[in-house]
Structures are given as structure tokens and as C-alpha cells.
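[1] Here's my sequence, what's the structure:
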Amino acid sequence: MKFMKMFSKKQVVVGGLLSALMVSSAWATTAGGGVTGTEFQALFDMLVGWAEGYLGKALAIAAFVVGALIGFAKSTAMPALVGIVFAIVFGLGPTIINGMFAAVI
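    Down below sits the predicted model:
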């Protein structure tokens, strides 16, 4: 009951409808079976190239530098660690996502 008091009924209904929409759209996209979506291959390659290329490395270094500066100002190491996590996500994220979608269940 504490959960229900935290959100209004309208928010719960909208959240439930959005969740149902996401689940049904995910189900509908897999219903095609043989549709591979090759028209999006160029977009996919471009985004992976950005994430793993110089843009991803530049964003990761910038996140670390900004985090280090904020950490220095606040006398804590957490913002710098967030920058390192950001770098790891950009470096390994596309590989992990490809592995998840390529896995046979």
C-alpha cells in the first residue's frame, strides 16, 4: 500500500498503459520472423562507429576530466569513477549489446 500512496492513480494507470504498449510493440516486432531490418544497417554501423571510435573516446575522456574536476571541487572521487564507468560503457557497450541480440535462446 505504501507504493500506491507514492503515486497517484492517474500516474499508475499511465505507467501501466505505457508498459503494456512497450511489451506489445516488442512482441509485434518479433512477430515478423524473417524481417531482418537491413535498411537500418548503415545507421547501426554509424552509431557503433561513433561509440567505439574517436567520438566515444573523446566523450569518455571528457566525462572523466569533468568528473575529476567536480570531484576535486567536492573532495570526493565518485564523479571521476562515474567518468571511468562512462568510458567502460562506451568501450564495451556495443559489443555486449551485439552479444545479447545475437545469442540464441
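[2] Could you give the number of residues near Gln65?
    Careful, residue 65 is Val and not Gln. Look at Val65: counted by other CB atoms under 10 Å, it has 12 neighbours. Just so you know, the C-beta spots here come from the backbone N, C-alpha and C atoms, and that holds for glycine as well.
[3] Please identify which helix or strand holds it.
    helix 54-74 (DSSP states H and E).
[4] Helix or strand next in line after that helix, which one?
    Toward the C-terminus, helix 54-74 is succeeded by helix 78-102 as the next helix or strand (DSSP H and E).
[5] mean confidence for the helix or strand in which Ala20 is found?
    Assessed by DSSP H and E, Ala20 sits inside helix 9-31. Averaging pLDDT along helix 9-31 yields 69.
[6] how about the helix or strand just after that helix: buried residues?
    Downstream of helix 9-31, the first helix or strand assigned by DSSP H and E is helix 41-52. Under the neighbour-count criterion of 16 or more other CB atoms under 10 Å, helix 41-52 has Val48, Ala51, Glu52 buried.
[7] Go through these and say which is closest to Gly16.
    Ala51 (33.1 Å; CB to CB).
[8] and the closest one, how far is that from Ser8?
    38 Å (CB to CB, to the nearest Å).
[9] same question, Ala68
    41 Å.
[10] now do Phe90
    Relative to Ser8, Phe90 is positioned 38 Å away (CB to CB).
[11] Compare neighbour counts for those two and give me the winner.
    Comparing Phe90 with Ser8 by other CB under 10 Å, the one with more neighbours is Phe90, at 20 against 10.
[12] Trp50 is in contact with that one, correct?
    No: taking CB atoms under 8 Å as the definition, Phe90 is not a contact partner of Trp50, at 9.3 Å.
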